[in-house]
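>>> next input, structure requested:
(one chain, ligands or ions: 1)
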Amino acid sequence: MAAISRAIRSCATASRWNMAASSKEVGAGVARAAAAAARRGRDREDGRRVQWVFLGCPGVGKGTYASRLSQMLRVPHIATGDLVRDTLACPGPFSKQLAEIVNHGKLLSDEIIINLLSKRLEEGEEKGELGFILDGFPRTIRQAEILEGVTGIDLAINLKLREEVLLAKCLGRRMCSQCGGNFNVASIDIEGENGGPRMCMPPLLPPPQCESKLITRPDDTEEVVKERLCVYHDLSEPVEEFYRARGKLLEFNLPVGLPESWPKLLQALNLEDPGNERSAAA
Ligand SMILES: Nc1ncnc2c1ncn2[C@@H]1O[C@H](COP(=O)(O)OP(=O)(O)O)[C@@H](O)[C@H]1O
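Okay, here's the model as predicted:
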């Protein structure tokens, strides 16, 4: 990890990322890569843990699924959006400058985001962390090239959901300012596409003690979410192709809510639900 964070930082600052390394692993089967990586993640004898990235539009649920998988596979869940929000919470000219960009739905420069990520990886390394699930990084081709040049990514999981659902989910997001819990007040019930089943997602409401303390992210307004979706299509969607060309992309269309999607995602990743493992062992 120390080597990775140092290398990422030096690539970013000196603009010397290794593009040659990026074409090495073309052809690895997605399912095989997923299964092998998952086995590594669950094998304590093997020093190597999974190194996965989550791709997908704002509001698709990257944070929810990345966080669940990271607990299951015992690797840190590193969300660059969280690193940015921690920085914004520290008052000063730098956070003011960042807020101007983030609250307009734009991406921060590759240099800024890579510095934040390198710092987080260094801190993790000091604590003995192994492997990672990145959420919200890479978001540009340049970020993907830098990452590929310094370490192997086993798998890129690309979550997909219809655009009108993404917008509703972002607008419904709430956080408790006291306990930090994440909720969603949106109640989604829309016609299926091409005669498919209706899409229903019930709200995830806060407990009574959090109700009066709910806050909304300043970048979760309709105008800014629409801008973030445009930025995703322009700058981040090409990253999907980057991993597809290397045989590392797992596309996953989220069926409906979490209870239905989670077991299907585990199935796509060749992972056993720990709940089922427990019942099998009993
Ligand atoms: N990899 C990145 N590159 C550039 N900017 C980033 C990156 N990750 C996060 N940010 C900034 O932080 C904001 C919030 O990120 P995140 O919580 O991941 O948003 P989203 O809900 O849109 O996926 C982004 O809109 C962007 O301004």
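>>> closest point of the stretch 1-150 of the chain to the ligand, which residue?
residue 81 (2.1 Å; Cβ to the nearest ligand atom). Glycine gets a C-beta too; all of them are placed from N, C-alpha and C.
>>> can you tell me the element that residue falls in?
helix 80-88 (DSSP states H and E).
>>> packing partners for the host helix or strand of residue 122?
Taking DSSP H and E as the definition, residue 122 sits inside helix 110-126. With contacts defined as 3 or more Cβ pairs under 8 Å, 6 or more residues apart in numbering; DSSP states H and E, the packing partners of helix 110-126 are helix 2-14, strand 77-79, helix 80-88, strand 132-135, helix 141-150.
>>> hmm, that helix in reach of the ligand?
Yes. Contact between helix 110-126 and the ligand, assessed by Cβ under 6 Å from any ligand atom, occurs at residue 113.
>>> next, the angle helix 80-88 makes with that helix.
Following axes from the mean of the first three to the mean of the last three Cα atoms, to 10 degrees, one obtains 100 degrees for the angle between helix 110-126 and helix 80-88.
>>> for the record, mean pLDDT for helix 110-126?
Taken as a whole, helix 110-126 has a mean pLDDT of 94.
>>> now it and helix 141-150, what's the angle there?
Here helix 110-126 points in a direction 40 degrees away from that of helix 141-150 (the same axes, to 10 degrees).
>>> quick revisit: in this structure the residue of the stretch 1-150 of the chain closest to the ligand contacts residue 135, no?
Yes. With contacts counted by Cβ atoms under 8 Å, residue 81 reaches residue 135, the gap being 7.5 Å.
>>> which neighbours do these two share?
Residues within reach of residue 81 and of residue 135 at once, by Cβ atoms under 8 Å, 6 or more residues apart in numbering, are residue 63.
>>> the more surrounded of those two?
Legend: neighbour count by other Cβ atoms under 10 Å for residue 81 and residue 135, higher for residue 135 (25 against 18).
>>> give the contact list for the more buried one.
Applying Cβ under 8 Å, 6+ apart as the definition, the contact partners of residue 135 turn out to be 53-54, 62-63, 66-67, 77-81.
>>> what's the neighbour count on residue 193?
Other residues lying near residue 193 total 9 when counted by other Cβ under 10 Å.
>>> I meant residue 198, not that one.
The local packing of residue 198 (other Cβ under 10 Å) involves 10 other residues.
>>> shaky segments in this structure?
In the predicted model of the chain, residues 1-48, 274-282 satisfy pLDDT under 70.
>>> return the residues of it in contact with the ligand.
The interface of the chain toward the ligand, taken as Cβ under 6 Å from any ligand atom, is made up of 58, 80-81, 84, 101-102, 106-108, 113, 136-137, 139, 143, 219, 228.
>>> highest neighbour count among the residues you listed?
Ranked by neighbour count under the definition other Cβ under 10 Å, the residues of the chain next to the ligand are headed by residue 143 with 26 neighbours.
>>> residue 114 is in contact with that residue, correct?
Yes. Here residue 143 lies in contact with residue 114, judged by Cβ under 8 Å, at a distance of 7.1 Å.
>>> what's near enough to touch whatever residue of the stretch 151-282 of the chain ends up closest to the ligand?
Proximity to the ligand, evaluated over the stretch 151-282 of the chain using Cβ to the nearest ligand atom, is greatest for residue 228 at 4.8 Å. With Cβ under 8 Å, 6+ apart as the criterion, the residues that contact residue 228 are 58, 105, 170, 219.
>>> a strand runs through it, doesn't it?
No. Remark: residue 228 does not belong to a strand; assigned using DSSP: H, G, I helix; E, B strand; the rest coil, it is helix.
>>> where's it relative to residue 236, distance?
Between residue 228 and residue 236 the computed distance is 10 Å (Cβ to Cβ, to the nearest Å).
>>> coming back round to it: in the helix holding residue 122, which residues are buried?
110, 112-118, 120-122, 124-125 (16 or more other Cβ atoms under 10 Å).
>>> ok, now stretch 215-223?
Residues of stretch 215-223 classed as buried by neighbour count (16+ other Cβ under 10 Å): 217, 219-220.
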